[in-house]
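Participant: Test case, fold it:
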Amino acid sequence: MKKLLKGLLLSTMSVIMCTAMLTGCKKDDRIQIGIIQMSENGSFAEMREAFIAEMATLGYDDSKVNITFENAKGEMSELTTAITKTVNNCDIIMPMTTTPAVQTYSYLTSQGIEKPMIFMSVTDPVASGLMTTLENPDKNCTGSSNVVPVSEILKFVENIKPVTKYGIIYDNSNTAATNTANKAISYLNDNNISHIEETASTASNIDMAISSLLSKNIDALYIPLDSTMQDYITNIIAATNAKKIPVYGSADIMVAKGALGTVGVSYTKIGQLTAKMVVDYIQGKKISEIPAEVLNEYVPAINLTTASTIGIEIPESVLSMTNIVKFGTAA
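Facilitator: This next block holds a predicted model:
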């Protein structure tokens, strides 16, 4: 009986070892690229899909690269998990926007991991500590940057309907949102335009903050570059439309979902620009040889349906701008 059991054990172990060897032979030899997102929204999806499409155009389709993405669903604990998983499994680490980029860089350095990081759409890589200068990446990371043209947005607003009192709402735990909000506040102070601010990070807090702002006789609401507010934009628009208050955002996806207008960058172009940088790295350039690039081609956008809903007539001088993007239809 002992000999029989010994024989069965050896046989079972042999099967397990052979299975493990066969599984190991199925190693994926493609370049593994991992995208890390704080949350999912229209802008992030647009960037990601544009990146994947441009990679294929440049000769790196799914036969050569395997592109995965992790969504932290707006939770910092989930972001930590997403970063750890991506770093463990991928050759090129690609955090999208400022908070995931800063947290990923912190994790890589704290763990002494030398994997390259190529970020997508970080508002200010230098201020975020990701590099000393844009021209000479010195911390094993580079990527694309989109500076929100706050002053251009607020000047655009004046061409539609001058504002005497702004409300500003943002998530102050979001670095990009805080930086953009501070630029708006600075511009408004310099131009002697009244404003009040509210901060919020959860759905219930956003509802209360919007109610508070709307009760204080604001003429318009400005939303900075803020993934938290962007995820909740439909509810914000419902509340402001009921009071006939225009909302101006920092991304055209906000306008597509009901904000009255903005001046912003093309998220498709950000994805495409980042793909070119990744291909440069794959083809042999060092990260230190790939300068971070700022996309500064700005496009105005207007929502005609919203304008009709809240009773604002868009001047012909705005409607006739050569590169303006128009969402919706006029009544």
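Participant: what about residue 258, how many neighbours?
Facilitator: Residue 258 has 21 neighbours, counted by other CB atoms under 10 Å. Just so you know, the C-beta spots here come from the backbone N, C-alpha and C atoms, and that holds for glycine as well.
Participant: And residue 244, by the same measure?
Facilitator: Neighbour tally, residue 244, other CB under 10 Å: 10.
Participant: do you know how far it is from residue 136?
Facilitator: Using CB to CB, to the nearest Å, residue 244 is found at 50 Å from residue 136.
Participant: what's the answer for residue 148, then?
Facilitator: Distance from residue 148 to residue 136, by CB to CB: 24 Å.
Participant: These two: who's more crowded?
Facilitator: residue 148 (25 against 12).
Participant: Give me the three-state assignment for that one.
Facilitator: coil (DSSP: H, G, I helix; E, B strand; the rest coil).
Participant: Next: residue 114.
Facilitator: coil.
Participant: Angles on the backbone of it, please.
Facilitator: Note on residue 114: its backbone torsions stand at phi -100, psi 10 [degrees, to the nearest 10].
Participant: Check residue 33 too.
Facilitator: The phi/psi pair for residue 33 (degrees, to the nearest 10) is phi -120, psi 130.
Participant: Just to check, it is in contact with residue 68?
Facilitator: Yes. Counting by CB atoms under 8 Å, residue 33 touches residue 68, with 7.4 Å between them.
Participant: Please enumerate the shared neighbours of those two.
Facilitator: Common neighbours of residue 33 and residue 68, counting by CB atoms under 8 Å, 6 or more residues apart in numbering, are residue 90.
Participant: more crowded one of those two?
Facilitator: Set residue 33 next to residue 68 and count neighbours by other CB under 10 Å: residue 33 wins out with 23 against 14.
Participant: Could you list everything that one pairs with in the sheet?
Facilitator: Judged by DSSP bridges, the bridge partners of residue 33 are residue 67, residue 92.
Participant: which residues in the stretch 51-200 of the chain form strands?
Facilitator: In the stretch 51-200 of the chain, the strands defined using DSSP state E, counting those that start in this stretch lie at 65-71, 92-95, 117-119, 141-145, 165-170, 194-199.
Participant: Out of the ones you listed, which is closest to residue 260?
Facilitator: Across these, residue 260 has its closest neighbour in strand 165-170 (13.1 Å, CB to CB).
Participant: Please write out the alpha-carbon positions of that closest one in PDB.
Facilitator: The C-alpha coordinates for strand 165-170 follow below in PDB (Å, rounded to 0.1, in the frame of the first residue of the first chain):
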ATOM      1  CA  LYS A 165     -19.800  87.000  -9.700                       C
ATOM      2  CA  TYR A 166     -18.400  83.600 -10.300                       C
ATOM      3  CA  GLY A 167     -19.000  80.400  -8.200                       C
ATOM      4  CA  ILE A 168     -16.100  77.900  -8.300                       C
ATOM      5  CA  ILE A 169     -16.400  74.300  -7.200                       C
ATOM      6  CA  TYR A 170     -13.600  71.800  -7.100                       C
END
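Participant: same for that strand, what does it pack against?
Facilitator: helix 175-190, strand 194-199, helix 203-214, strand 220-222, helix 227-231 (3 or more CB pairs under 8 Å, 6 or more residues apart in numbering; DSSP states H and E).
Participant: what about 7 Å?
Facilitator: helix 175-190, strand 194-199, helix 203-214, strand 220-222 (3 or more CB pairs under 7 Å, 6 or more residues apart in numbering; DSSP states H and E).
Participant: Okay, residue 84 and residue 115: tell me how far apart.
Facilitator: Taken as CB to CB, the span from residue 84 to residue 115 is 12 Å.
Participant: I misspoke; the intended subject was residue 242.
Facilitator: 49 Å.
Participant: more neighbours, these two?
Facilitator: Remark: of residue 242 and residue 115, residue 115 carries more neighbours, 17 against 11, as counted by other CB under 10 Å.
Participant: just checking, the more buried one touches residue 88?
Facilitator: No. Applying CB atoms under 7 Å, one finds residue 115 not in contact with residue 88, separated by 9.8 Å.
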